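Engineer: no sequence on this one, just coordinates:
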């Protein structure tokens with residue numbers, strides 16, 4: 001019997017068979033009560049690229065390297081990265097197991113609702129969604145601020161340095177840079193998804209190649225290299241700079257750069273409804289992102305630390321970079337000391353600036369997906385507007401512009417105060433990482449038999465992994481609420497407790513007064529019930 005006879009008897013031919021093959025991620029999405037709306041065209045590598053770009057090699061380390069170095073010296077900074085990486089793996093593994101079971105764009109928000117059960121699910125998803133949305137929107141702000149700071153120093157070194165009469169951008173110009181970057185990311189995120197994915201493919205290679213260039217070239221160029229004993233075993237308190245006299249407290253604060261850098265790997269989960277085979281490729285992208293950033297991040301820290309020429313000069317307000325950006329001063333000291341020129345430092349700063357650009361672009365993508373998912377379930381005022389999908393590009397364009405607008409709004413204090421980055425970074429970390437804690441805690445206390453595992457499954461080890469991950473997240477959030485300088489004055493006060501407290505209080509008040517009456521968490525949009 002030939003193929004034509006099979007067709008005549010009603011059996012599917014080759015083209016029909018290809019249409020009947022349903023992606024494993026889409027099949028699981030339908031089981032969970034959602035229909036496929038976004039275009040599922042991203043490969044595992046593209047998802048990894050966006051996830052890695054969200055974490056990025058330079059964006060966490062560069063802006064906080066100087067302050068973390070000042071607390072307890074190089075050894076605490078260097079070994080802090082190793083300690084934080086160790087605990088980050090527990091968080092990543094716990095999230096990968098959940099992602100494999102729930103490959104949805106809502107990710108953490110959806111996970112929390114289903115893992116917490118019908119009684120606590122709405123409240124868990126409400127808390128998780130808002131924490132994550134707040135963290136991601138603030139994350140756009142951190143990238144815009146740090147990118148603007150890097151650009152500010154590129155311009156300064158290009159026009160003669162702080163000592164030579166170079167141009168140091170004032171507050172108004174700095175804020176214009178901040179707004180400009182945010183708008184560019186929003187515009188790019190309104191194009192087709194494959195354009196964003198293509199840019200993120202460039203990003204991963206940019207950061208890998210650029211990271212290798214900086215890690216290898218900087219120590220080679222530096223006229224003097226610090227000894228291994230200095231880098232790996234030297235502790236000292238810079239009480240004159242920080243006002244901190246307690247060694248344990250100083251060491252804890254020196255970990256901030258690592259804790260701020262090693263998150264963002266959940267970006268892969270936000271894209272699972274657009275990724276082929278997401279129940280397998282989502283966890284692979286999460287864990288691969290952690291592995292790559294762990295290795296390259298530590299190498300970057302070592303390269304900077306080995307290349308320090310004069311520790312005290314880094315913080316001098318009269319130095320070439322006005323004492324406001326330690327990595328830029330390290331680069332300048334290395335290249336000017338060797339070649340009597342700042343050109344090499346400017347080139348490497350551009351590589352770092354591009355990393356901020358790519359990171360902001362990716363975080364905007366992730367933030368828009370979270371806002372879209374929350375709007376789809378009626379969890380944001382005027383949800384009918386923000387959940388709209390562009391008919392041609394299949395992108396949540398309205399959500400993109402909402403995120404960009406809120407990012408610009410929280411950046412307005414740049415015009416008046418110097419502590420805005422501390423507040424934005426703390427809100428970002430507490431919101432973003434705090435959002436991880438809700439589904440992980442729910443998974444930890446969930447009866448073992450009620451969890452429907454995906455291809456990535458921890459088995460009985462899940463409870464222990466989730467417990468360690470949850471405790472580490474709680475510690476991370478707490479440390480970002482502490483004062484970072486003493487004595488505490490208006491210009492040294494860590495505003496994170498106030499900022500986070502106000503936002504979360506408003507969200508919880510809304511829940512108690514109104515939202516608890518109607519918000520039910522993720523809303524199904526297909527009739528197929530989930531099989532328990």
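Structural biologist: Arrived safely, thanks for sending. This one's a predicted model, so the numbers in the text were calculated from it and none came from an experiment. Numbers count the residues shown, from 1 in each chain.
Engineer: to which secondary structure element type does the residue nearest the centre of the chain belong?
Structural biologist: When CA atoms, centre = their mean is applied to the chain, the residue found nearest the centroid is residue 264 (3.1 Å). Three-state assignment for residue 264 (DSSP: H, G, I helix; E, B strand; the rest coil): coil.
Engineer: you'd agree it is up against residue 363?
Structural biologist: Yes: between residue 264 and residue 363 there is a contact under CB atoms under 8 Å: 7.4 Å. To be clear about C-beta, it is placed using only N, CA and C from the backbone, and glycine gets the same treatment.
Engineer: show me where the stretch 1-150 of the chain has helices.
Structural biologist: 3-8, 14-20, 24-31, 44-55, 61-72, 74-101, 108-158 (DSSP state H, counting those that start in this stretch).
Engineer: could you pull up the mean pLDDT of the shortest one?
Structural biologist: It refers to helix 3-8. Across helix 3-8, pLDDT averages out at 42.
Engineer: check the longest one too.
Structural biologist: Over the span of helix 108-158, the pLDDT mean works out to 89.
Engineer: and that helix, how far from the chain's centre?
Structural biologist: 7 Å (CA atoms, centre = their mean, to the nearest Å).
Engineer: name the helices or strands packed onto that helix?
Structural biologist: helix 61-72, helix 74-101, helix 171-188, helix 326-339, helix 343-376, helix 397-411, helix 420-445, helix 496-513 (3 or more CB pairs under 8 Å, 6 or more residues apart in numbering; DSSP states H and E).
Engineer: got the ones you listed as CSV, with mean pLDDT columns?
Structural biologist: Output for the helices and strands packed on helix 108-158, formatted as CSV (pLDDT from 0 to 100):
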stretch, mean pLDDT
helix 61-72, 89
helix 74-101, 92
helix 171-188, 92
helix 326-339, 93
helix 343-376, 87
helix 397-411, 88
helix 420-445, 87
helix 496-513, 85
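Engineer: nearest to residue 212, out of those helices?
Structural biologist: helix 343-376 (10.5 Å; CB to CB).
Engineer: so what touches the helix or strand just after that closest one?
Structural biologist: Next in sequence after helix 343-376, counting helices and strands by DSSP states H and E, comes helix 383-386. The contact list for helix 383-386, computed with CB atoms under 8 Å, 6 or more residues apart in numbering, reads 371, 372, 374, 375, 376, 377, 380, 396, 398, 399, 402.
Engineer: try 10 Å this time
Structural biologist: Residues from elsewhere that reach helix 383-386 (CB atoms under 10 Å, 6 or more residues apart in numbering): 368, 371-372, 374-380, 396-403.
Engineer: distance from that helix to the middle of the chain?
Structural biologist: Taking mean C-alpha positions (CA atoms, centre = their mean), helix 383-386 and its chain are 25 Å apart.
Engineer: what mean pLDDT would you report for that helix?
Structural biologist: 72.
Engineer: who's in contact with residue 427?
Structural biologist: Taking CB under 10 Å, 6+ apart as the test, what residue 427 contacts is 134-135, 137-139, 141-142, 410, 480, 495-496, 499-500, 503.
Engineer: with adjacent residues omitted, what lies nearest to it?
Structural biologist: residue 138 (4.3 Å; CB to CB, 6 or more residues apart in numbering).
Engineer: cool, residue 134 as well?
Structural biologist: residue 431 is the one closest to residue 134 (CB to CB, 6+ apart), at 3.9 Å.
Engineer: picking up where we left off before, pick the most buried one from the helices of the stretch 1-150 of the chain.
Structural biologist: helix 44-55 (a mean of 27; mean count of other CB atoms under 10 Å).
Engineer: so for that helix, mean pLDDT?
Structural biologist: On average, helix 44-55 scores 64.
Engineer: same check, this time on stretch 297-308
Structural biologist: 94.
Engineer: quote the end-to-end distance of stretch 440-457.
Structural biologist: Taking CA to CA, to the nearest Å, the first and last residues of stretch 440-457 lie 14 Å apart.
Engineer: cool, stretch 450-467 as well?
Structural biologist: 18 Å.
Engineer: now it: how far from the chain's centre is it?
Structural biologist: On CA atoms, centre = their mean, the centre of stretch 450-467 falls 24 Å from the chain's centre.
Engineer: what are the buried residues along that stretch?
Structural biologist: 451, 454, 456, 458, 462, 465, 466, 467 (16 or more other CB atoms under 10 Å).
Engineer: out of those residues, the closest to residue 81 would be?
Structural biologist: residue 465 (21.2 Å).
Engineer: which residues touch residue 159?
Structural biologist: Here residue 159 is in contact with 165, 166, 167, 168 (CB under 10 Å, 6+ apart).
Engineer: what kind of secondary structure is the third one in?
Structural biologist: The local conformation at residue 167, judged by three-state DSSP, is coil.
Engineer: circling back: among the helices of the stretch 1-150 of the chain, which is nearest residue 205?
Structural biologist: Comparing the helices of the stretch 1-150 of the chain by CB to CB, helix 44-55 comes nearest, at 8.7 Å.
Engineer: sorry, back to before: pLDDT wise, what is the residue nearest to the centre of the chain at?
Structural biologist: So, for residue 264, pLDDT stands at 75.
Engineer: right, and it touches residue 433 too?
Structural biologist: Yes: at 9.5 Å, residue 264 and residue 433 qualify as touching, with contact defined as CB atoms under 10 Å.
Engineer: what sits in contact with each of these two?
Structural biologist: residue 135.
Engineer: you'd agree residue 522 is in a helix?
Structural biologist: No: Residue 522: not assigned to a helix; according to three-state DSSP it is coil.
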